[in-house]
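> pasted the sequence and its predicted model underneath.
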Amino acid sequence: MMLVSALATGAEREVATKGVPMRCWDARSQVSDYLDGLLTPTNARRVEAHLAECPTCPPLYASLVGATDALARSGELRDKDSVVRPEVVQRIVRRSGAH
């Protein structure tokens, strides 16, 4: 995530993220707690709002969700509550263009 942030600096990034709720770094630093359902409802909504409008974070988030799902299917991840709600995953996947 830090690499993506570093590569996405400059004027065009500033234009692309203008009006996006939260800074990318702030949203990304909370995504693990979001996936684990540990954020307050207010903070969870802030992360979701960021993901809905940010041009770069949804694919990263979708990758994390995919990795979490793969671990869950493999039996390596035993905490079933750590997976985000399916309707949110589908919305993020649709937004990111990942299939």
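Happy to help now that I have it. Numbering: from 1, shown residues only.
> hey, where'd the helices end up in the protein?
2-7, 11-16, 24-35, 41-53, 57-74, 86-96 (DSSP state H).
> in CSV, list the ones you listed along with mean pLDDT and mean neighbour count.
Every C-beta, even on glycine, is put in place using the N, C-alpha and C of the backbone. CSV is the format used below for the helices of the chain (pLDDT from 0 to 100; neighbours: other Cβ atoms under 10 Å):
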stretch, mean pLDDT, mean neighbour count
helix 2-7, 60, 10
helix 11-16, 68, 10
helix 24-35, 86, 17
helix 41-53, 91, 16
helix 57-74, 76, 17
helix 86-96, 72, 14
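> quick check: V88 vs A70, distance?
18 Å (Cβ to Cβ, to the nearest Å).
> try K18
35 Å.
> ok, now T42?
T42 is 30 Å from A70, where distance means Cβ to Cβ.
> repeat that for R91.
20 Å.
> contact partners of stretch 14-31?
By Cβ atoms under 8 Å, 6 or more residues apart in numbering, the surrounding residues in contact with stretch 14-31 are 1, 5, 8, 39, 43, 46-47, 49-51, 53-57, 60-61, 64.
> now with 7 Å, please.
Applying Cβ atoms under 7 Å, 6 or more residues apart in numbering, the set of residues contacting stretch 14-31 from outside is 1, 5, 39, 43, 46-47, 49-50, 53-57, 61, 64.
> biggest separation within those residues, which pair?
L39 and P55 (22.5 Å; Cβ to Cβ).
> looking at those two, which one has more neighbours?
L39 (18 against 13; other Cβ atoms under 10 Å).
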